Each structure stands twice: as structure tokens, then as C-alpha cells.
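Participant: task: produce atomic coordinates for the following.
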Amino acid sequence: MADYSGSHRPGDTSRPAGKRFRTNGSAPASSASSRTAAPRPAGTRFSQNTSRPASAQPSRTGVQPVYSRSGDSHKKGSPIPVIVGVLIAIAVVAGAAIFIFPRLFSGSDQTVEAGQQVTITIPDGASGDTIASILSENHIIEDPSEYYAAVKKLNAEMSLKPGDYQFETLQDPVEVVEQLVEGPNASGAKLTVPEGRTVGQTAQLVEETYGISADDFLAQAKASAYVSDYPFLSEAADDSLEGFLYPKTYTFSGTPTADQIIRAMLDQYQTDVVDALDFTAARIAINERYGLDLSDYELLVLASVVEREGLNASQRAHVASVFLNRMSGKGDFAGRPYLQSDATLMYVTGGAVTADDIQSIDSPYNSYKNAGLPPTPICAPSVEAIQATLNPTDSNDLYFYITQDEEYFSETYDEHMQSWE
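Facilitator: Alright, predicted model coming up:
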């Protein structure tokens, strides 16, 4: 399949600009592992009142002893009541021991065996105390203080995700919290969204996996429905989530709703892109090098084009530099900052782009006719493509030619034409 991306002489839309032979080189994200759910171990703790009854006291008659006048031994009260009282007290204590102590040390407080599989559900909006209680009640982390320590160590308080999880009894607290950050791992149908897919293609995958209508998914996938919970959507154009539905393998218990799927993807974008990458430093560096003042959203838009044009990290960083050089008006592109990428037009055609398409299609995604970036991302880029865009190769190149086996980068149009003809 030919691709005329990035190679036209500026202003000449009658001549192909280069060739690419890839429509989607992204590899599916690896499937997450799952385990078979097992019943929860039983075990409820009881406390007992173990206070001992007071000892029985011998009774006194209140009658004083009588002494003999003749010098015989004086008579004393009978010792029998005292002996009987002591025996009764001993019997009461022994009975209490027989009744109480077996209840204290048997049945309800048996030692929990480590390594037993447990399936739990962390509800939406669960507090830290609620999560700690669920983990403790199911003997996953017996001591809640160990859970809190692990959360603090991993700085994970705001990254814990709701859903169905499978753990083991007496599991390492740090491993448990790491899984809560990664997301649900209980068995269920897996949704794999490869890198470079559009929202429409993702909707089709959702329909194939869970039976949710693609139209229903698309109706739900609006930036305005989520911007209050995900501030990074505030710049999204056309109320579109294009570029934000993070490519990965997701596992849900049962059949999730479109809303749950979208939120899982936005959560992952927050974790792997917004929280992990330094957009601020990249914007400053790009402004200094190219004189371009790009927003975070515009960098994501550019990364989506870079995703579709390059095949690996090194190529993508170099492709990013070519597009930034064009946008800054260097060399042949002085006064005409066009991307000239057929990948942007493929977002409209859905397939290969021809020379006739370049001249006839009037769309803001036709980067041969419209200067600068397209209005939205053209796919969900990989982290690799985003990183390449944030850290482009330092070059003066304005053209590239990439196939599965070859790559050429050139500063002038003539050099470029020689490289692939």
C-alpha cells in the first residue's frame, strides 16, 4: 500500500511524496493474567468475658464459743461449713474453665492458612478505611496498619482502582497495593485495544468482546461527560475522546457498561501518560528549539500522527523532529507549515490515500491543504510515540521515507527523491 506521507514539495499536490507500506503497525498489548476465583475462607472472631466468679464464703452463726469452768478444752464452731464452701468454689472455677477456655481457643479463631485464593470487590468510591477493612476481613492483609504503610510507601492513595480482584490470604501488602494500582485482575473477558486504534475501532472491539453496541459506546464516549473527573480532557476538541482511550488489555468481571470501560481507559491514561510524563519540560524545550508554543493536547495530536508514521521508538523520535521542523517553517516549508502526512487523511478515508484524495478531499484532516495540526488526534498513540514526540531527535530533516525494511531522512526534497527512487 502506498503512502505519500511527508514528501511532497510544498504547494505541489499533484505528485506523491513518498511511500509507506503500513496501515497499522501497532502490536496488541499483552493480555493480563487471570486466576480462578475460590471461595472466601471463613473465620469470625469472638471475644468472651473470662472473669471468674467470686469464691463462696463460709457462713458464720454469730454465736461466741463457750468455755468450760472446769478447765476442760473449750468447744469451737464446726469446720464443716468452711470445707463445703471451699469445695463449691473449686467446683465453680473448674466448671468455668471447662466451659470458657475451649471457646476461647477453638473454632472461630483458627489460624488462617496462607496462599488460599480469595476474590473480593472494591466498590467505586471506597475509602482507604473501607479497602483496609475488606482486605482484613478476608485475611489478605491481616493488619490494616501494614496496608496503610504499603499505600504510603508506593504513594498510591489516589491511584487505587475499584473492581473485582483475586488475591491470596496473607499476601505481601506491597504486592496487594501494587495490584490495586494496576487494576482489577479477577477472571473475566479481556478487552485488548491495540495502539493506534481510533475511538470508532475501539467501539467495534467493545461490541465484539462484550456485546455492547458500538453506537451506544460512541454515544457515551464524549469528553464533556468526563471532563469534571478528568481535567486533562479540558482541551479536547469536538467533544472527542480520540487519543485518550488508552491502548491496553483490560479485564472486567461480568459485562461492564460503556461508562465503566471508558473510565478504566481514562484512568490508565492518567496513570501512564499524565502522571508519568513531563509535558511541561517538553513544551519548554520544543518552544526553545522550534519556536512553537504547543499545548499538552497539541502534543498528543502530533503523537498520534507520529504513531502512524514510525515503526519503532528511534524512527518515531526522528519523524517527530521532521514534523516539528515543517511546522516551524524551516527550509522548503518556510511560510508553508504543512505536515503533509497521508496518515491524517487516512483518518477520513479509512484506508490508503491516493494522489486524487490529496487534491480532492476538503477536510481539516487533509494536512496537504491545511497548515499545522489536524483538529483532534487521529488515533490513540502508544506511550512510545508520546515519549518520542516529547523528546524528538535534534535534526534539520524535512523529509522521510520509511518501509518495513528501509528508512531515509533528508533535509532537501531532491535528496529525498533520490533516496527512494
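Participant: surely residue 178 touches residue 154?
Facilitator: Yes. Using C-beta atoms under 8 Å, residue 178 is in contact with residue 154, at 6.8 Å. The C-beta positions use only the backbone N, C-alpha and C, and glycine is treated the same way.
Participant: of those two, who's got more company?
Facilitator: Each of residue 178 and residue 154 has its neighbours counted (other C-beta atoms under 10 Å); residue 154 has more, 16 against 13.
Participant: so who does the more buried one touch?
Facilitator: 174, 177, 178, 181 (C-beta atoms under 8 Å, 6 or more residues apart in numbering).
Participant: just the buried ones out of the residues you listed, please.
Facilitator: 174, 177, 181 (16 or more other C-beta atoms under 10 Å).
Participant: now the second one: how far from residue 258?
Facilitator: Same thing as residue 177. 29 Å (C-beta to C-beta, to the nearest Å).
Participant: on the three-state scheme, residue 111 is what?
Facilitator: The three-state label given to residue 111 by DSSP: H, G, I helix; E, B strand; the rest coil is coil.
Participant: which residues of the protein fall in helices?
Facilitator: In the chain, the helices defined using DSSP state H lie at 80-105, 128-137, 144-154, 173-182, 199-210, 214-220, 258-269, 279-290, 296-309, 313-327, 342-349, 355-360, 383-390, 413-420.
Participant: can you tell me which of those is packed in deepest?
Facilitator: Sort these by mean neighbour count, taking mean count of other C-beta atoms under 10 Å, and helix 296-309 sits at the top with a mean of 26.
Participant: that one - what's its average pLDDT?
Facilitator: Helix 296-309 shows a mean pLDDT of 98.
Participant: again with stretch 164-174
Facilitator: On average, stretch 164-174 scores 92.
Participant: possible to save the helices of the chain as JSON lines with distance to residue 193?
Facilitator: JSON lines is the format used below for those (distance: least, C-beta to C-beta, whole Å):
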{"stretch": "helix 80-105", "distance to residue 193": "54"}
{"stretch": "helix 128-137", "distance to residue 193": "27"}
{"stretch": "helix 144-154", "distance to residue 193": "26"}
{"stretch": "helix 173-182", "distance to residue 193": "16"}
{"stretch": "helix 199-210", "distance to residue 193": "5"}
{"stretch": "helix 214-220", "distance to residue 193": "12"}
{"stretch": "helix 258-269", "distance to residue 193": "7"}
{"stretch": "helix 279-290", "distance to residue 193": "23"}
{"stretch": "helix 296-309", "distance to residue 193": "13"}
{"stretch": "helix 313-327", "distance to residue 193": "19"}
{"stretch": "helix 342-349", "distance to residue 193": "17"}
{"stretch": "helix 355-360", "distance to residue 193": "27"}
{"stretch": "helix 383-390", "distance to residue 193": "13"}
{"stretch": "helix 413-420", "distance to residue 193": "33"}
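Participant: of the ones you listed, which is nearest residue 229?
Facilitator: Distance to residue 229, taken as C-beta to C-beta, is lowest for helix 258-269 among the helices of the chain, at 7.8 Å.
Participant: quick one: mean pLDDT for that closest one?
Facilitator: 96.
Participant: name the helices or strands packed onto it?
Facilitator: Judged by 3 or more C-beta pairs under 8 Å, 6 or more residues apart in numbering; DSSP states H and E, helix 258-269 is in contact with helix 199-210, helix 214-220, strand 249-251.
Participant: show me what the first one is packed against.
Facilitator: In this structure, helix 199-210 packs against strand 190-192, helix 214-220, helix 258-269, with contacts taken as 3+ C-beta pairs under 8 Å, 6+ apart.
Participant: residue 170 and residue 142 touch, don't they?
Facilitator: Yes. Here residue 170 reaches residue 142: they are 6.7 Å apart, a contact under C-beta under 8 Å.
Participant: give me the common contacts of these two.
Facilitator: Residues within reach of residue 170 and of residue 142 at once, by C-beta under 8 Å, 6+ apart, are residue 112.
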